[in-house]
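# mind looking at a prediction? Sequence and model below.
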Amino acid sequence: MDKKTLSKGLIFAVLSAASLLAQAEDAEGKGCGWGNMVFDGQRGLIPHLLATTTNATSGNATFGLTSGTNGCDANARIGYGGRSIFAMNGMLDNIAEDMAKGRGEALDAYATLLGIEVKDRDHFAQVTHQHFAEIFASKDATGEQVYHNTLAVMQRDQVLARYAKQPA
């Protein structure tokens, strides 16, 4: 495996792990489903991944939400109390650097995170490069601001608009 492929794999793994950890808990730090019940009170990456995997493979959290069992409460407020995934390991800085150049591994990982198909990633890199100043509107832009600005730029582009999903 070459260095470029390994690097892309590591970026994807970091983003995937962050996504899994964000799904494992609700705003109060207590998730629902058998996985969260089995690993209740434990900390660390492994218990979180195992709890999330248990919930995902059995569908018990979905059942729990519809039936009010398994520690699930559909009336609870959904929230996120963690850090932006872009803040992890300087990812936001890497995305900014690659976007300013119009190419790069972090920009490819960002496109993957946004669900952009391989055939449209070069176009994504070109468009985000052209709109860099709009996406990174200030030197202190947060990951959330960059994300929302990226979606706004994508919505105005004929090719990328289909990938731009604004959160509710």
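Yes, it's here.

# mean confidence for whichever helix or strand residue 150 is part of?
Per DSSP states H and E, residue 150 falls inside helix 143-155. Averaging the model's pLDDT scores along helix 143-155 yields 91.

# from now on call the first residue 18
I'll keep to 18 as the first residue from here, and by that count the last item is helix 160-172.

# CA atoms only: put that helix into CSV for me.
Provided in CSV are the C-alpha atoms of helix 160-172 (Å, rounded to 0.1, in the frame of the first residue of the first chain):
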residue,chain,number,x,y,z
GLY,A,160,-16.0,23.8,11.3
GLU,A,161,-19.7,24.4,11.4
GLN,A,162,-19.4,27.7,9.5
VAL,A,163,-17.2,26.1,6.9
TYR,A,164,-19.6,23.2,6.5
HIS,A,165,-22.6,25.5,6.1
ASN,A,166,-20.7,27.8,3.7
THR,A,167,-19.6,24.8,1.7
LEU,A,168,-23.2,23.7,1.4
ALA,A,169,-24.3,27.2,0.3
VAL,A,170,-21.7,27.2,-2.4
MET,A,171,-22.7,23.7,-3.5
GLN,A,172,-26.4,24.6,-3.7
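
# buried ones in that helix?
160, 162-164, 166-168, 170-171 (16 or more other Cβ atoms under 10 Å). (Glycine included, C-beta is placed from N, CA and C.)

# how is this structure partitioned into domains?
20-84, 102-177 (automatic domain parsing).

# and residue 90, which of these is closest to it?
Of all the domains of the chain, it is domain 20-84 that lies closest to residue 90, at 7.2 Å by Cβ to Cβ.

# residues touching the helix holding residue 167, excluding its own?
Residues outside helix 160-172 that contact it (Cβ atoms under 8 Å, 6 or more residues apart in numbering) are 101-104, 109, 112-113, 127, 131, 141, 144-145, 148, 151-155, 158, 177-178, 180-183.
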